[in-house]
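Asker: have a look; sequence and predicted model below, questions after that.
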Amino acid sequence: MALQLMKLLVTATSTIETGPTPAKFFYVTTGETAAGATLSIDTADFFDDAGAAASNLPVLATSNSYFNVNVNGVLQMEGISTYTPGATTVGSLAIEVPAGGDSIPTGSPVVLEVINFSPTSTTTVTT
């Protein structure tokens with residue numbers, strides 16, 4: 001028999017699932033925030049879907065998460081909000097109201113939605 005190269009035959013199949021883990025937080029403004037000013041909301045000022053006071057704002061997973069801010073039911077531009085995860089006095093949401101625009105009136109609902117993705121994968125190798 002002539003010499004020949006012997007190779008392994010290997011096949012692999014991967015299944016990747018990416019499941020979001022959303023968290024929503026709600027706040028109602030207690031005073032007007034004028035144009036050019038910043039509305040700062042502490043973790044303790046938010047309440048969750050069940051109506052309970054929030055105790056912690058979740059960490060954003062690096063390169064695998066995002067947050068949305070809605071004021072009066074309108075999704076806001078990313079550049080006006082600063083999100084800081086953490087417990088009371090550490091975690092917060094700051095909304096910089098653009099100068100020359102409209103203010104945020106008293107009684108306005110603010111909704112913070114934090115979405116982290118939890119990818120899982122399985123690989124089956126057949127030889």
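Answerer: It's in. Numbers count the residues shown, from 1 in each chain.
Asker: going forward, measure contacts and count neighbours with C-alpha atoms only.
Answerer: Fine.
Asker: thinking residue 121 is in contact with residue 13, fair?
Answerer: No - Residue 121 is not in contact with residue 13 according to CA atoms under 8 Å; the separation is 10.4 Å.
Asker: from the centroid of the chain, which residue is nearest?
Answerer: Taking CA atoms, centre = their mean, the centroid of the chain lies closest to residue 114, which sits 2.6 Å from it.
Asker: contacts only, for it.
Answerer: 22-24, 58, 60, 65-68 (CA atoms under 8 Å, 6 or more residues apart in numbering).
Asker: repeat that for residue 28.
Answerer: Contacts of residue 28 by CA under 8 Å, 6+ apart are 106-110.
Asker: just the pLDDT at the nearest residue to it once chain neighbours are set aside, thanks.
Answerer: Leaving aside its sequence neighbours, residue 28 sits nearest to residue 109 (CA to CA, 6 or more residues apart in numbering; 4.5 Å). Here the pLDDT value assigned to residue 109 is 98.
Asker: next one: residue 5
Answerer: At residue 5, the pLDDT value in this model is 84.
Asker: swap in residue 123?
Answerer: Predicted confidence (pLDDT) for residue 123: 92.
Asker: can you check residue 42 too?
Answerer: 97.
Asker: ok, it touching residue 88?
Answerer: Yes - applying CA under 8 Å, one finds residue 42 in contact with residue 88, separated by 6.4 Å.
Asker: who's more crowded, those two?
Answerer: Taking other CA atoms under 10 Å, residue 42 and residue 88 do not tie; residue 42 has more neighbours (21 against 16).
Asker: quick check: that one vs residue 99, distance?
Answerer: 23 Å (CA to CA, to the nearest Å).
Asker: SS state for the residue nearest to the centre of the chain?
Answerer: strand (DSSP: H, G, I helix; E, B strand; the rest coil).
Asker: how far away is residue 91 from residue 15?
Answerer: For residue 91 relative to residue 15 (CA to CA), the value is 36 Å.
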